[in-house]
Each structure stands twice: as C-alpha cells, then as structure tokens.
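In: Provided below are the primary sequence and the corresponding predicted coordinates.
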Amino acid sequence: MMSTKTLSLDSSLVALDRAHLIHPVANWRDHEQRGATVLRSGKGAWLRDADGRELLDAFAGLWCVNIGYGHESVVEAAARQMRELPYATGYFSYASEPAIRLAAKLVEIAPPGLEHVYLTLGGSEAIDAAVRLIVQYYNATGRPRKKHFIALERGYHGSSSTGAGLTALPTFHRGFDLPRPEQHYIPSPYPYRSPVGGDPQAVIAASVAALREKVNTLGAENVAAFFCEPIQGSGGVIVPPAGWLKAMHQACRELDILFVADEVITGFGRTGPMFACDAEGVSPDLMTVAKGLTSGYAPMGALLMSERVYAGIADGTPAGALVGHGATYSAHPVSAAVALEVIRLYEEGGILANGQRVASHFEAGLRSMLRHPLVGDARSRGLLGALELVSDKYTKASFDPALQLPDRIAKAAYENGLVFRAFGDSILGFAPALCFTPSEFEQMFERLNRTLDTVLDQPEVRRTLA
C-alpha cells in the first residue's frame, strides 16, 4: 500500500511535470490535461510505475533497452568511468580510451567496409552528421551539384532540423517548413498495402523502379544519397521482403548515389543478427546506429563511414583546414564505456543468442493474433514486429481517426499491465527486449489478447466492424 507521503510526492511530480517539462512528440495542451505517467524502476523486461503497478515492457523503452533493465555490470562500467574520467573532449586531438576502443569495436562488428566512426549523442544527431558529411564529401570530390536526398514514404530519420525532413511522417513536418526542396520520397515497400500486391519480387521490383525513376527525374548528377531503414520503425514497422535491402543497395551503386542504412532501431540484434544489413550481405556507404548501442542506459549514437567517403573528405580538405563538424559531447567517455559493456553482454553474456532463440515465440504469438476480429496483418523480423488493425479484413479498411482507437488500446493495455506502441494509423508496434523468455511471451500475448477484447467490447468500436 502506498504511503500518504509517497502519494503526495507523486502528485507533486505530476504537477511539476505539467508546469515545466516539455515532452517529445506530444500535444502540449493535451499532455497538461492528462498528466505524466511516472515510472519508478525496471528489472529485466519489467517496469514498475509510481503506483506500484508492474508492467511488461514489450517496446524496450523506445525500441532501445535491448538488454533489459537493471544490468549491474553496465551501471558499474558507467560509475567506474565517471570516477576515473567523467568527460574528455574530442576536440584538439584529445581522446579517451573508451571512445577509441568503442570505435574499433564497432568497426569489428559492423558490415565489412565501414572503417571509420563518428560518435554522437543519439540517432537524430547521427543522421544530421551523415547529411552534413555527405554534402562535404561531394563538395570535396568536385561534385557540388549532388545535393538532393531520397528517402522512403513512412520513413523515420530522426527529428533534427535536417533529419525531420528526410522523415516522411506529417507530424514531423507540420509547422516546421519541411520537407526541404532537396528532400524527396519514394513509396514504402509495404507488402500488406502495396499497389502491386504482396508478391515479394513485385514489391522489390517496384521499389527499385521507383528509385530509378526518381533519380532520373532529378538527374543522377544532382542526387547525393538514398536513406532507408532496413525495416521501417515509426512508420508502422513495415517489413520489406527478404532481398529488398540488397536490391536497393545494388541500385544505388548503379545510379552512382550513396546508400545510407539507418540502423538506429534495427541494429544490435533487434532483427536477429547484430545488424539487419548482415542478413543480406549489404555493406552500406554510411550507417547510423543508436538505441541498442547503449541499450538506452546512456545517450549515444554513431555514424559509421566507408573508407571511400572518409578518404574523399580527408583528401579533399585543403591543407590546414578543418572539417567543421563536431559537438561538445561527441565520443563521451561514460557513454562509450556503457556501450562497450552492452556490446559485451550481447556477445559474451548471451543476450544476442537469446534474442535469436526466442524470436520464433514472438513470431508465433503475433501470427496467432490474426484470429482476432480486429487484426488484419501480423508482421515481424527477429524481435521487431507489428499488428495492423482493420475494420474489414477483406477490404483492409482502416478505422476512422475520430474513433481514437490507438488511445483506447494504449489505455486498455496499460490497465492490463502491458506496454507497447499504438501508432496513429491503428498499427501496434512491438520491440521486446532480447532478454525476453518464452514465459514472458506467453504473458505478453495473453495480456495483448485481453486488451484487444476489451477494446472490441466497446460499442463504438464494435459498430465500426464489417
């Protein structure tokens, strides 16, 4: 039972939050009215809120707590580094041991050909660095007209001033004067709703054709790069057919544009192998990572770069001139120490292997949900998946936004002790930690089924079904 003192503290925190803390990707007035849900602790795949309620986290925080909560060895690595050297700048040729070792470790485990690493504070900063350095690369190599960037509809590439334009979700454009004129999109490889049907080869061929057409329209001499997530995350966990990534990579080679793999979500075992690119033998020109890099225990991301791009910038920079890109907290030693321990846990602690072992339980559980009247599609790769809810399974008709189905589902899920992502277009996203057990998957899908039943029983929802 919660004490009066604890209840008073929690109320005070909610009031302070309303008054002062700006939350990401929120309607500010709605949040003020709703108030914050205060989380207190986490262990393994479980969270506990301020009221003592236990929650099974099927979203790994925000796609990021891949190793699960509460690993003491990570805490110890951070504390040890804080005591020894809490900060070291990367400017003026200074460096710290954890940052150096992390860069070398990332090159060791990354797809072949990625030889250089710029360490950031997160995924958005890594995307921003990629765009800036691609512009620098083409200017340094005498091709200054190559300034246009192509990404995917429904894609997500962060929320920086630059990355939010490559992101193709209206929320990140509204009121921000985005996208910019040099930012373009091609259709998502979305098998469930593809105009060419669900045939894998047809979906791949359509994507390749769309990329070629867009490059031809803009002029290959004007196009710098193609950005893509191997699996689209915030756009609804869109899982393209096997072979899609390799085909798009090859098309970029033939079109003479850089191929950038955004593995901020898919990296570090999320889709099975260490990186999604590994599954198809793809070696991108640049690759962005974050989230699972530190498993969310500390802020950090990275931009990995091929020798070709690195040398183009290095050799094209005038003698004595500086490449003017950097940040105060680039290569932060504490975050780097955390990342090194997290990677050790993936490799030596059995976390990566466990994720691969239990992925079949996750896939089977998602597919079992196809029996539910609300579910039209189930899709996954590794421990990244989604359910798409429809009002008519035959026509695949979506729900009217006025019904506010995602809000209904999120509320019911929380009451059933389950956390996942309910997207605005009635897609439910899941990214369970790689430490999940078969028993926890059983609990997850039992709670999920109960949640959907609760929502289905609401008269306003039931009336919308075909």
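Out: Sure thing, it's come through.

In: If you count neighbours, what's buried in stretch 66-73?
Out: Under the neighbour-count criterion of 16 or more other CB atoms under 10 Å, stretch 66-73 has 66-69, 71 buried. For glycine as for every other residue, the C-beta is placed from the backbone atoms N, C-alpha and C.

In: Tell me the secondary structure at the residue positioned nearest the centre of the chain.
Out: Centroid-nearest residue in the chain: residue 265, 2.9 Å away (criterion: CA atoms, centre = their mean). In three-state terms, and counting by DSSP: H, G, I helix; E, B strand; the rest coil, residue 265 is coil.

In: Wait, it touches residue 235, no?
Out: No - proximity of residue 265 to residue 235 does not meet the contact threshold set by CB atoms under 8 Å, at 10.7 Å.

In: Is it possible to get a markdown table of the buried residues of stretch 66-73 that adds distance to residue 273 and pLDDT?
Out: As requested, the buried residues of stretch 66-73 are exported to a markdown table (distance: CB to CB, whole Å; pLDDT from 0 to 100):
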| residue | distance to residue 273 | pLDDT |
| --- | --- | --- |
| 66 | 13 | 98 |
| 67 | 16 | 98 |
| 68 | 19 | 98 |
| 69 | 24 | 98 |
| 71 | 22 | 98 |
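
In: which among these gets closest to residue 152?
Out: Comparing the buried residues of stretch 66-73 against residue 152 with CB to CB picks out residue 66 as the nearest, at 23.8 Å.

In: And the closest residue to residue 272 other than its chain neighbours, how close does it get to residue 436?
Out: Here the nearest residue to residue 272 in space, its sequence neighbours aside, is residue 382; by CB to CB, 6 or more residues apart in numbering that works out to 3.8 Å. Residue 382 is 12 Å from residue 436, where distance means CB to CB, to the nearest Å.

In: about what we covered before: enumerate every residue touching the residue nearest to residue 272.
Out: 269-272, 355-356, 359 (CB atoms under 8 Å, 6 or more residues apart in numbering).

In: chain center to the helix or strand harbouring residue 412, what's the gap?
Out: Assigning secondary structure by DSSP states H and E places residue 412 in helix 405-415. From the chain centre to the centre of helix 405-415 is a distance of 22 Å (CA atoms, centre = their mean, to the nearest Å).

In: Sheet partners, orientation included, of the next helix or strand after that helix?
Out: If you walk from helix 405-415 toward the C-terminus, the next helix or strand you reach (DSSP H and E) is strand 418-419. Sheet neighbours of strand 418-419, with direction, are listed as strand 54-57 (parallel) (DSSP bridges).

In: what does the partner strand rub up against?
Out: Here strand 54-57 makes contact (CB under 8 Å, 6+ apart) with 42, 45-49, 65, 69, 414, 417-419, 432-433, 440, 443-444, 447.

In: and that strand, how far out from the chain's middle?
Out: 21 Å.

In: Would you mind giving the domain segments of this structure?
Out: As given by automatic domain parsing, the domain ranges for the chain are 37-70+350-462, 73-347.

In: Next, format those domains as a markdown table and append distance to residue 26.
Out: Putting those into a markdown table (distance: least, CB to CB, whole Å) gives the following:
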| stretch | distance to residue 26 |
| --- | --- |
| domain 37-70+350-462 | 12 |
| domain 73-347 | 10 |
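
In: and residue 303, what are its phi and psi?
Out: Dihedral pair for residue 303: phi -110, psi 120, per degrees, to the nearest 10.

In: ditto for residue 429
Out: phi -100, psi 140.

In: roughly how far apart are it and residue 101?
Out: In this structure, residue 429 and residue 101 are separated by 34 Å, where distance is defined by CB to CB.

In: same question, residue 153
Out: Between residue 153 and residue 101 the computed distance is 39 Å (CB to CB).

In: Mind pulling up the pLDDT for the residue nearest to the centre of the chain?
Out: Each residue has a pLDDT score; the one for residue 265 is 98.

In: what does the one 3 residues further on give?
Out: At residue 268, the predicted lDDT confidence score is 98.

In: Run through the residues that contact the nearest residue to it once chain neighbours are set aside.
Out: When the adjacent residues along the chain are set aside, residue 268 lies closest to residue 292, with 3.1 Å between them (CB to CB, 6+ apart). With CB under 8 Å, 6+ apart as the criterion, the residues that contact residue 292 are 64, 66, 267-270, 342.
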